[in-house]
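**Q** sharing a model that was predicted from the sequence below.
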Amino acid sequence: MFPTEPTTVNNGFAALLKNRGFMLLWIGQLISQLADKVFFVLMIALLKLYLPVNNSGDDGRFYLYMAFTVPAMLFGSAGGVIVDRVPKKLIMVGSDLVRGVLMLLIPFLPREFAILLFFTFSISTVTQFFAPAEQASIPLLVKREGLMAANALFSSTMMAALIIGNAVATPMLNWFESFNKGFGKELVVGCLYILSAVIMMPIQFREHRHINEETAAINPWAEFLLGLRYLKQNRLVWNAMLQIVTLYCVFAALIELAIGMAAKLHLAPEEFSSFVASAGVGMVIGAAILGNFGHRLYNKPLPLIGFMIMALSLGLFTFIDNQPLALGLCIFLGVGAAFVNVPMQTLIQQQTPPEMHGKVFGFQNHAVNIALTAPLLITTKLVNAFGLSAVLLGMSVVVGAVGVWAWQNTRKVLQDVI
């Protein structure tokens, strides 16, 4: 699925283990991702201490969720513009240190709901600068032929952090709280962010600044438009990004659909998380396959295969009334998702010039955040209107069609590149 053939044979995870800079980046982002997941669980746990007496918990959770998600929509692209102007190591280390210090400040301030919202909004805003800098750093540390394995490792650990973070967040926070009443929970999250910063400090990047006198004074809005124009002109990168956004739309919808599937299988509503976790396990498995054997699959239509796997899984869900089979289908769907996400992310990194990395990854981060939010608003309404089976079959058809359409467009561009 790549415009050029890899130049080496050994592109698996073993080669990455010898790359000290990449391993420091990987470990640092893994800890930072874990901190992100525990952070939101902590904010929910603190909510009851900060809510006014006459305020309901549902209203408080809504405003807290908005404070957490709105920065992703407002500053996702802006973060990418800054990444192209400021050293990426400074952004990542600085982001972690700022988030760590903010977490450590919370216990010393009054327990006002507005303060909790402010810290949630601030920490989420800083996170928008970390994500594009992280993606733009991978090509600086890994050779072109190793990008497939690198993205597979990042993709698998991101899902692992999501699964593990949500599973261990509450027990871990309660355990630390038992040692230090009133301060232990904030301390553990703050220390995770600071530990991530310390781990990434020794990384040495070879960055080349491409800012001349003509471009130095460009404002953020103009640079955002510059990045958007680049994406429209580069159909290969644009189509790859559309496929990634489609993938995240499916996963966001799956979170809502999983609640309906749990009810269909006569499970408790809270057990829907097992379906999402199974899809995450599938992504880890798919990423492991690509990480070890991706150099043998470079000329295969991996995204098309991935979308077909996802479409088949969604369609089969309508005929399943057995929990083990449903969990197996979720794993299968996750494998297909990895076959889309990993090669497309690698392709974007390969085809985007270094001076455009921040803008492109910032825009991608922005689009993905919207893709993770918008389906949540409409999926439940669709299920209520048409039924779970109809929505699953409809999604199956749409995902399959998008896969074929995207592959047809991308393949034509690939032929021009070759």
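**A** Everything's here; your move. Residues are numbered from 1 along each chain as shown.
**Q** run the chain-centre distance for stretch 328-347.
**A** Counting by C-alpha atoms, centre = their mean, to the nearest Å, stretch 328-347 is centred 13 Å from the centre of its parent chain.
**Q** quick check: mean pLDDT of that stretch?
**A** Mean per-residue pLDDT for stretch 328-347: 90.
**Q** repeat that for stretch 404-418.
**A** The average pLDDT for stretch 404-418 rounds to 60.
**Q** go on, stretch 231-241?
**A** Stretch 231-241 shows a mean pLDDT of 84.
**Q** just stretch 122-136 next, same as before
**A** What stretch 122-136 shows for mean pLDDT is 89.
**Q** what do you get for stretch 148-165?
**A** For stretch 148-165, the mean pLDDT works out to 77.
**Q** again with stretch 291-305
**A** 72.
**Q** likewise stretch 73-81?
**A** For stretch 73-81, the per-residue pLDDT averages 75.
**Q** show me what counts as buried in it.
**A** Residues of stretch 73-81 classed as buried: 75, 76, 77, 78, 79, 80, 81 (neighbour count, 16 or more other C-beta atoms under 10 Å). For every residue, glycine as well, the C-beta is placed using N, CA and C.
**Q** cool, and stretch 17-27?
**A** So, applying 16+ other C-beta under 10 Å, buried residues of stretch 17-27: 19, 21, 22, 23, 24, 25, 26.
**Q** about what we covered before: dump the buried residues of stretch 73-81 to JSON lines, plus secondary structure and distance to residue 389.
**A** JSON lines is the format used below for the buried residues of stretch 73-81 (DSSP: H, G, I helix; E, B strand; the rest coil; distance: C-beta to C-beta, whole Å):
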{"residue": "75", "secondary structure": "helix", "distance to residue 389": "39"}
{"residue": "76", "secondary structure": "helix", "distance to residue 389": "35"}
{"residue": "77", "secondary structure": "helix", "distance to residue 389": "38"}
{"residue": "78", "secondary structure": "helix", "distance to residue 389": "42"}
{"residue": "79", "secondary structure": "helix", "distance to residue 389": "40"}
{"residue": "80", "secondary structure": "helix", "distance to residue 389": "40"}
{"residue": "81", "secondary structure": "helix", "distance to residue 389": "44"}
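**Q** quick check, nearest of these to residue 291?
**A** residue 80 (26.0 Å; C-beta to C-beta).
**Q** how many other residues sit next to the residue lying closest to that closest one once chain neighbours are set aside?
**A** Among residues not flanking residue 80 along the chain, residue 362 sits closest, at 1.4 Å (C-beta to C-beta, 6 or more residues apart in numbering). Neighbourhood size, residue 362 [other C-beta atoms under 10 Å]: 30.
**Q** how much space between residue 362 and residue 90?
**A** 16 Å (C-beta to C-beta, to the nearest Å).
**Q** for residue 159, same thing?
**A** For residue 159, the distance to residue 90 - C-beta to C-beta - is 28 Å.
**Q** of those two, which one has the most company?
**A** For residue 159 versus residue 90, the count of surrounding residues by other C-beta under 10 Å is larger for residue 159: 24 against 11.
**Q** neighbours around the residue lying closest to that one once chain neighbours are set aside, how many?
**A** Leaving aside its sequence neighbours, residue 159 sits nearest to residue 280 (C-beta to C-beta, 6+ apart; 4.1 Å). Counted with other C-beta under 10 Å, the neighbours of residue 280 add up to 24.
**Q** nearest residue to the residue minimising distance to the centre of the chain other than its sequence neighbours?
**A** Centroid-nearest residue in the chain, with C-alpha atoms, centre = their mean: residue 158, separated by 6.9 Å. Of all residues not flanking residue 158 in the chain, residue 33 sits nearest, at 5.9 Å (C-beta to C-beta, 6+ apart).
**Q** okay, and the one you found sits in which element?
**A** Residue 33 belongs to helix 20-50 when assigned by DSSP states H and E.
**Q** was I right about residue 82 contacting residue 91?
**A** Yes - assessed by C-beta atoms under 8 Å, residue 82 is found in contact with residue 91 at 6.8 Å.
**Q** got any residues that touch both of those two?
**A** Residues touching both residue 82 and residue 91 (C-beta atoms under 8 Å, 6 or more residues apart in numbering): residue 129.
**Q** okay, the two: which has more neighbours?
**A** Taking neighbours as other C-beta under 10 Å, residue 82 and residue 91 compare with residue 91 leading, 23 against 19.
**Q** which pLDDT value goes with that one?
**A** Listed pLDDT for residue 91 reads 92.
**Q** do the same with residue 309
**A** 94.
**Q** now residue 344: closest residue in space that isn't a chain neighbour?
**A** residue 240 (4.3 Å).
**Q** could you do residue 116 as well?
**A** Using C-beta to C-beta, 6+ apart and skipping the chain neighbours, the partner closest in space to residue 116 is residue 50 (4.4 Å).
**Q** that neighbour and residue 112 touch, don't they?
**A** Yes - contact criterion C-beta under 8 Å: residue 50 and residue 112 qualify, at 6.6 Å.
**Q** neighbour count for these two, which is higher?
**A** Regarding residue 50 and residue 112, a neighbour count based on other C-beta under 10 Å identifies residue 50 as having more, with 19 against 11.
**Q** from residue 362, how far out is that one?
**A** 32 Å.
**Q** correct me if wrong: residue 36 contacts residue 127.
**A** Yes - when contacts are counted by C-beta under 8 Å, residue 36 is listed as touching residue 127 (6.5 Å).
**Q** where along the stretch 51-200 of the chain do the helices fall?
**A** Remark: helices assigned in the stretch 51-200 of the chain by DSSP state H, counting those that start in this stretch are 57-83, 88-105, 113-141, 147-179, 184-200.
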